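A.B. asks: Model the following, please.
(one chain, ligands or ions: 1)
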Amino acid sequence: MVSANFSLAQAPTTSTAGPTSGSLPSLGETSELAAAAERRIGDRIAASIYRDPDYIDDPVLADYVQGIWLPLVAAARTRGELHAELEERFAWQLFLIRDRSINAFALPGGYFGLHLGLVAAVGSPDEMAAVLGHELSHVTQRHISRMLTQQARQTPWMIAAMLLGALAAGKSGDVASAAIVGGQAVAAQNQLNFSRDMEREADRVGFGVMTDAGFESRGMTAMFEKLQQAARLNDNGSFPYLRSHPLTTERIAEAQARVQLVSAEAAKPTREKEIESGKARLLHAMMASRARILAAPGVDGLRSMVAEAQRRPVSLAHLQSPATPENVRDAGALYGGAFAAAQLRDFAVAKTLLGQLKALGTQDVPQVAGTIDLLGTEIDLLAGVVPPAASSTDISRATSRAEVLTQAQALMAANRVQAVSDRLQTWVALHPKDAMAWQLLATAYGRQNQNIRAVRADAESRAAQLDYSAALDRFKAAQGLMRSNPSGADYVEGSILDTRTRQIESLVKEQALQDKLDR
Ligand SMILES: [Zn+2]
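C.D. replies: Okay, here's the model as predicted:
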């Protein structure tokens, strides 16, 4: 599952090609050089994903997915699957992809992709943790490195091109793009499949990682059941994950055996545990609806989500503790309906549904309540109304990325541009790779006529997305602005600008040199 559209047939296993002399160093060992080479391939792919219109940075959904992802990475570390050197070398970064198909995949260098379709299809964070734990394990167990070693006759540049081609081909309803990337890449895709042994190892290690991270072991079998059902119903291209991860009876049996073993050991779920799991499902239902909408279901799709929310029997009301399946379904439907109505610019309906969502009693669950408040702010922003969040005097109270960025937009709507730049300056100092924050900061500076800073923030946002030549253009433009107006120049700003320009310049040179070597 390096990527999506691989055929059902399993790839030949390790016997096909040993580590021969090629342009890649031997990746069998986790040598510094090997990891660095793999990371370079990953960076090249990541740079293309950032520029792909289907790449989506939705802070609310990204925070939610990070909340599942980070505990998995931490568990892999604690279990000793992820050692310090590899953690340092690789990116461990997840990309959300605006695609309705059910897919998740690992890429070289510790990059991962997650289709919105998968977020929408799974029923709980545990099911998502099962998929992500499996993908994470492909990387910690160095399966990708081993596969790259088998590709020793291909240059790193060709491998990156091949994987990008496979990614394009894996998008739903996009069979034509497979032809665009050329026959060679398509033919080579099948050589980049994981072996059966690697899949079994990723299942085994991934299961340990997800349960150690505190997720329910049943998530794994539930996910398998979901995939099996889907496979029985159809395979019209919306389940590329199945094609790269064929469900053998053996895989299912092994998963069931593992779950039974763990459940036998674990005590009967306590009421507290049930309440926790209910809260998690409640939040998940809302995020699954959000994923459906962000995957751009079209006007009819949005309308049917609004209708679904409006059909909800109001009498059910009020959240039970622990949340019942009806509560979970209602919360998901109302969140989806409210957000969908806002996309359709039917703000009155959006507000009504949002009110019903609040009346459900979800305010008692802080994380869920926070998510609903953010939706309220988003609806106001879409409606062109200044949200109440904009009048908050204590902007530094926002802590999550989604809160900070949403509140920054609210403040922007209220013309409190200096409050935006003050808050985001602190934020980007801590999160220098947050391209969206840099973009917002650029806008806030621009509206304060701080043009040099605005151009530099724009440059930083390009650099954060690994587009070094675009970044360099802008850094140089900012230097030009500073030279043309020496009286308004500030010394500190000037020296930051010079340092960053030099750093990015050397990255551009390095990349150009590496490109030559890698071809
Ligand atoms: Zn796999």
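A.B. asks: Correct me if wrong: Leu374 contacts Val404.
C.D. replies: No - counting by Cβ atoms under 8 Å, Val404 is not a contact partner of Leu374; they are 10.9 Å apart. All C-beta spots, glycine's among them, are computed from the backbone N, C-alpha and C.
A.B. asks: For the residue of the stretch 51-200 of the chain found nearest the ion, give me its contacts.
C.D. replies: Closest residue of the stretch 51-200 of the chain to the ion, Cβ to the ion: Glu199 (4.9 Å). For Glu199, the contacting residues are His245, Arg251, by Cβ atoms under 8 Å, 6 or more residues apart in numbering.
A.B. asks: Now the element after the helix or strand where it lies, going C-ward?
C.D. replies: Taking DSSP states H and E as the definition, one finds Glu199 inside helix 196-212. Following the chain from helix 196-212 toward its C-terminal end, the next helix or strand by DSSP H and E is helix 218-233.
A.B. asks: ok, and for that following helix, which residues are buried?
C.D. replies: Of the residues in helix 218-233, those with enough neighbours to count as buried (16 or more other Cβ atoms under 10 Å) are Arg218, Gly219, Met220, Thr221, Ala222, Met223, Phe224, Glu225, Lys226, Leu227, Ala230.
A.B. asks: before we move on, back to that, chain center to the helix holding Glu199: distance?
C.D. replies: Relative to the mean C-alpha coordinate of its chain, helix 196-212 is positioned 21 Å out (Cα atoms, centre = their mean, to the nearest Å).
A.B. asks: tell me the mean pLDDT for stretch 290-306?
C.D. replies: Mean pLDDT, taken over the full extent of stretch 290-306, equals 96.
A.B. asks: what does that stretch rub up against?
C.D. replies: For stretch 290-306, the surrounding residues in contact (Cβ under 8 Å, 6+ apart) are 56, 58, 60-61, 98-100, 116-117, 119-120, 289, 333, 335-337, 339-341, 343-344, 346, 349, 353.
A.B. asks: got the end-to-end distance for it?
C.D. replies: End-to-end distance of stretch 290-306: 13 Å, with Cα to Cα, to the nearest Å as the criterion.
A.B. asks: where does the protein have its least confident helix or strand?
C.D. replies: Sorted by mean pLDDT, DSSP states H and E, the helices and strands of the chain end with helix 176-180, the least confident at a mean of 37.
A.B. asks: Run through the residues of the stretch 201-350 of the chain sitting next to the ion.
C.D. replies: Selection of the stretch 201-350 of the chain residues close to the ion by Cβ under 5 Å from the ion yields Ala202.
A.B. asks: where does the stretch 201-350 of the chain dip in pLDDT?
C.D. replies: 230-244, 246-247, 263-269, 313-322 (pLDDT under 70).
A.B. asks: and Phe112, helix, strand or coil?
C.D. replies: For Phe112, the reduced secondary structure class is strand; criterion used: DSSP: H, G, I helix; E, B strand; the rest coil.
A.B. asks: Correct me if wrong: it contacts Asn103.
C.D. replies: No - distance between Phe112 and Asn103: 11.2 Å, which falls outside the contact criterion (Cβ under 8 Å).
A.B. asks: who's more crowded, those two?
C.D. replies: Comparing Phe112 with Asn103 by other Cβ atoms under 10 Å, the one with more neighbours is Asn103, at 30 against 19.
A.B. asks: Gly336 and Ala309: what is the separation?
C.D. replies: 6 Å (Cβ to Cβ, to the nearest Å).
A.B. asks: just the helices in the stretch 401-519 of the chain please.
C.D. replies: Here the stretch 401-519 of the chain has its helices, by DSSP state H, counting those that start in this stretch, at 401-413, 417-430, 435-447, 451-464, 468-484, 491-518.
A.B. asks: Quick one: closest of these to the ion.
C.D. replies: Using Cβ to the ion as the measure, helix 491-518 is the one of the helices of the stretch 401-519 of the chain that comes nearest the ion, at 26.4 Å.
A.B. asks: Could you give the number of residues near Ala280?
C.D. replies: Ala280 is surrounded by 22 other residues when neighbours are defined as other Cβ under 10 Å.
A.B. asks: Check Lys516 too.
C.D. replies: Each residue near Lys516 was counted by other Cβ under 10 Å, and the total is 9.
A.B. asks: pLDDT score assigned to Gly361?
C.D. replies: Per-residue pLDDT puts Gly361 at 73.
A.B. asks: Out of the contacts of stretch 290-306, name the ones that lie in helices.
C.D. replies: Secondary structure defined by DSSP state H assigns 60-61, 116-117, 119-120, 289, 333, 335-337, 339-341, 343, 349, 353 of the contacts of stretch 290-306 to helices.
A.B. asks: and the one residue in the stretch 301-450 of the chain that gets nearest to the ion, what does it touch?
C.D. replies: Each residue of the stretch 301-450 of the chain has a distance to the ion, by Cβ to the ion, and the smallest belongs to Lys433, at 27.4 Å. Residues in contact with Lys433 (Cβ under 8 Å, 6+ apart) are Ala464.
A.B. asks: How much space separates it from Glu276?
C.D. replies: In this structure, Lys433 and Glu276 are 32 Å apart, going by Cβ to Cβ.
A.B. asks: likewise Thr248?
C.D. replies: Distance, Thr248 to Glu276, using Cβ to Cβ: 33 Å.
A.B. asks: Which residues of the stretch 401-519 of the chain lie near the ion?
C.D. replies: Within the stretch 401-519 of the chain, not a single residue sits near the ion (Cβ under 5 Å from the ion).
A.B. asks: could you point out where the stretch 401-519 of the chain is predicted with low confidence?
C.D. replies: In the stretch 401-519 of the chain the weaker segments, taking pLDDT under 70 as the threshold, are 488-489.
A.B. asks: Wait, Ala444 touches Ser421, no?
C.D. replies: Yes - counting by Cβ under 8 Å, Ala444 does reach Ser421; the two are 4.3 Å apart.
A.B. asks: show me where the stretch 51-200 of the chain has helices.
C.D. replies: 59-78, 84-89, 116-121, 125-140, 143-150, 156-169, 176-180, 183-189, 196-212.
A.B. asks: Run through the neighbouring helices and strands of the second one.
C.D. replies: Put plainly, it is helix 84-89. Judged by 3 or more Cβ pairs under 8 Å, 6 or more residues apart in numbering; DSSP states H and E, the packing partners of helix 84-89 are helix 32-51.
A.B. asks: Pull stretch 392-412 out as PDB, backbone CA atoms only.
C.D. replies: Below are the C-alpha coordinates for stretch 392-412, written out as PDB (Å, rounded to 0.1, in the frame of the first residue of the first chain):
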ATOM      1  CA  SER A 392     -12.800  37.700  23.100                       C
ATOM      2  CA  THR A 393     -10.200  39.800  24.800                       C
ATOM      3  CA  ASP A 394      -8.000  36.900  25.800                       C
ATOM      4  CA  ILE A 395      -6.900  35.400  22.500                       C
ATOM      5  CA  SER A 396      -4.000  33.600  24.000                       C
ATOM      6  CA  ARG A 397      -6.500  31.300  25.700                       C
ATOM      7  CA  ALA A 398      -7.000  29.400  22.500                       C
ATOM      8  CA  THR A 399      -4.600  26.400  22.600                       C
ATOM      9  CA  SER A 400      -5.400  23.900  19.900                       C
ATOM     10  CA  ARG A 401      -4.300  24.700  16.300                       C
ATOM     11  CA  ALA A 402      -7.900  24.700  15.100                       C
ATOM     12  CA  GLU A 403      -8.900  27.200  17.900                       C
ATOM     13  CA  VAL A 404      -6.000  29.500  17.200                       C
ATOM     14  CA  LEU A 405      -6.500  29.600  13.400                       C
ATOM     15  CA  THR A 406     -10.300  29.900  13.600                       C
ATOM     16  CA  GLN A 407     -10.100  32.600  16.200                       C
ATOM     17  CA  ALA A 408      -7.500  34.400  14.000                       C
ATOM     18  CA  GLN A 409     -10.000  34.400  11.200                       C
ATOM     19  CA  ALA A 410     -12.700  35.700  13.500                       C
ATOM     20  CA  LEU A 411     -10.500  38.500  14.700                       C
ATOM     21  CA  MET A 412      -9.600  39.300  11.000                       C
END
